[in-house]
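**Q** need a structure here:
(2 chains)
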Amino acid sequence: MSRIDNLQAGRGARATTVIVPAVLLILGTSGVVAKPTLGLDAARRQRVQAEQREHEFGLERERALEFERMGGIRRIEEARAAVVATVPARLSALDLQNIVVLVARSTHIDLQTIEIGNPLETTFATTLDRVVANEASLRGGGTLSDIVAFVEGVQGLGLAVSVVESKFSRMTASDPRFEFQITLSFHHRDALLPAVDEELAGEN
Amino acid sequence: MNLKRPQPLGSAVLAVDRECVEWLFVDKDGKNNHAVKPVAGAGIQALADAASAVVREAGTTPGRCVLALGQGLVRQKLITLPVMSRRETRTALRRKAAGMCECDVEQVAFTATCFEEVAPAAGELKASRVDKRWLVTAVLREETRDLRAALAKVGFKIARTVSSQISTLARGQALRADKTQACIVVSALRKSASVGLIHGDTLVNENVLEGDMRAQPTLAMSLVQEIKSFDAAWRKANRGGAVGQVVLIGLPRDRAPLFKAAVNTALPNALVLLSNADTDEAPGLDHGRIEALDACRESGGLQSDLTLPIPLQPKFVSFVLIAIFASLCTVATIAYRPARKAELLELEAVLAANARTFGLDELRLENAAAAAALVELDRITARNADVLAHGWKFRTVVTDILGALGSDAALIGLELGPLTKAEFEVSGVASPDPATAMLGVDRVVKNIEESPRFEAVVSSPTGTIPTGVQPIAFKIQARLEGQR
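**A** Below is the predicted model of the structure:
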């Protein structure tokens, strides 16, 4: 003898009337409780970050002290300025000619011709500026010691001068005067060239 | 033959129909007692009020009881359905129950008891379907639930909800002497009389005759006629097997013997049994009615339980929610304070650490600027060193060449070639004597070779014929070390 009934129908809906508010209540209260708990977690994370920051601060202080021992940023800037100055700023052809003539006179060199070319690009590294070079072709005469003194005299003026090519000779071994031909390269700093796209934009 | 079935008398019976409420309780002497109260008004509350009143008038208090639903509050019917899946059967039964109560299927609550399969009727085709017989008891869900809630409100604790009519059949089923024989149960209800035919555990047929046996003596003849009809039908269906027993329940005590005699006359071969409950012998008590109500305590067999769950009371829901809220608040309070305190400590530590690291960003920027400046300084230094190192080391080369010539030769010319090749050519003159000149030039070459600055020395005569008077000219070609 089996039985079928529907007496318990709708029990789920009735249970919902308690379960739903209870769940909402639990969630609501959990929200209240969760806030300080989550706040504590956040505070702990902040503390960890603060400790990391403190550690980093110590390292940065050490670096700063090291820089201070080196003289600080100001000293670095000064050193940089000094190093930069080892290669002079741009010189005009007239300046170069005057320098050459001046040194030649002081070293008793008989200069016959001076040719100073236009600035040429070099292969030296580009930093905040670039290095260009004016080549000066000199022809004249003088004793060997005078010629050496002349080259050193030009270099001793604080100019970045290099002997690119030279040729000197005399007719006899007894003749103290050498005829010479020297190509000097006067290096100096120049401003950076504009970037290609800037240049193109300027043309348009 | 009078039958007395031992019953657990602990539970009272509250019988309710649309017109009156009856209260069957056990008095101090352990006897069943009975009180009746007509219902004043309509609606569930009127029933609950009447129930409350009848209990008070009986000198008892509402308590645990069996709720017996009477006419108008419960419907029952025997239904035959084809064999279907349980789900389909449930749907069909629910629809039938709704039809019985004349309401929507959502509004009906039912319980159905299935009896064994019914054999195809004689004359039907062999291939005809096999059906099942269901005793369906149906109530209006909301009405019954509200009634139970209203009774609970006035103090009744309903242990079970049963149908008065089905209960008498169940009692009859329990009282019969021989289960193997078909049995007719005759129950005199308050305003009707029921005749049911039971065989084994199966309710084969049932019929209800309207009328009160107490007020309508002629109803007895109708009942006897009905009993004879049932017997005839049973004989026909069972090829001569007669009804062996008749159980009479709820008959007025003064008429029961006469009716029993009439049934005996109608079915001479049947054993007629009269139910008899333990009752107070006080005059005026309706003993038959007590017997009928006592049947509501029956729990086995055909009895069906219509107890519906009481809807959740707002008071209960509120209590549960408040309890949850209170416990959560307690937990929250316990958890909140230490958490806040710990958070405060952490935040203080963070503040202190932040104070100690004040200016970190600026310091970082300054250090980064200094580091960048150092890198830039290194680059410029390297670049300018390259610039300054560019070109022939004029004095060094000249001095080295003159040192190499020494006293063996005199310098006539010196050519320092392009820097890309780093080659140079020395022109000189040596002694007029060829042998001396050769030795002198060899020494010069050797001196140049030994110099760490030069390599790949090649000497060559200029092509002039030695005269022994003119110094001999020569040329030496070399290049700077490591400039290949």
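**Q** let's verify B:Trp23: helix, strand, or coil?
**A** Following DSSP: H, G, I helix; E, B strand; the rest coil, the label given to B:Trp23 is strand.
**Q** show me the contacts for it.
**A** Contacts for B:Trp23 (Cβ atoms under 8 Å, 6 or more residues apart in numbering or on different chains) come out as B:12-15, B:34-37, B:51, B:54-55, B:58, B:60. Where C-beta positions appear, they are placed from N, C-alpha and C, glycine not excepted.
**Q** what's the local residue count around B:Cys183?
**A** B:Cys183: 26 surrounding residues under other Cβ atoms under 10 Å in any protein chain shown.
**Q** if you could redo that for B:Thr381, that was the one I meant.
**A** 17.
**Q** now do the helices in the chain.
**A** Just so you know, I chose chain A. Under the criterion DSSP state H, chain A contains helices at A:11-69, A:72-85, A:93-106, A:144-155, A:196-203.
**Q** that was the other one, I meant chain B.
**A** According to DSSP H, the helices that chain B contains are B:44-57, B:86-101, B:141-153, B:164-175, B:218-237, B:256-266, B:287-294, B:314-356, B:360-388, B:394-405, B:434-450.
**Q** looking at those helices, which is nearest to chain A?
**A** Closest approach to chain A among the helices of chain B is made by helix B:314-356 (3.5 Å; Cβ to the nearest Cβ).
**Q** which other helices and strands does that closest one contact?
**A** helix A:11-69 (3 or more Cβ pairs under 8 Å, 6 or more residues apart in numbering or on different chains; DSSP states H and E).
**Q** hmm, the helix it packs on touching chain B?
**A** Yes: applying Cβ under 8 Å from any Cβ of the partner chain, one finds helix A:11-69 touching chain B at A:11, A:14, A:17-18, A:21-22, A:25-26, A:29-30, A:32-33, A:36-37, A:39-40, A:43-44, A:46-47, A:50-51, A:53-54, A:56-57, A:60-61, A:63-64, A:67.
**Q** contact partners of stretch A:170-180?
**A** With Cβ under 8 Å, 6+ apart as the criterion, stretch A:170-180 contacts A:138-144, A:147, A:166-169, B:410-413, B:429, B:471.
**Q** what's the ChimeraX syntax to select whichever of the residues you listed are buried?
**A** A single ChimeraX command is used to select the members of the contacts of stretch A:170-180 judged buried by 16 or more other Cβ atoms under 10 Å in any protein chain shown:
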select /A:138,140,141,142,143,144,147,166,167,168 /B:410,411,412,413,429,471
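**Q** pLDDT weak spots in chain B?
**A** Within chain B, the stretches with pLDDT under 70 are B:1-10, B:117-129, B:277-285, B:456, B:462-464, B:482-484.
**Q** smallest gap between it and chain A, at which residue?
**A** Closest point on chain B to chain A, by Cβ to the nearest Cβ, is B:Gly391, at 2.4 Å.
**Q** which among the helices of chain A is found nearest to B:Leu377?
**A** Shortest distance between B:Leu377 and the helices of chain A, using Cβ to Cβ, is found for helix A:72-85: 4.6 Å.
**Q** just the buried residues of the closest one, please?
**A** Here helix A:72-85 shows A:Ile73, A:Ile76, A:Glu77, A:Ala79, A:Arg80, A:Val83, A:Val84 as buried, counting by 16+ other Cβ under 10 Å.
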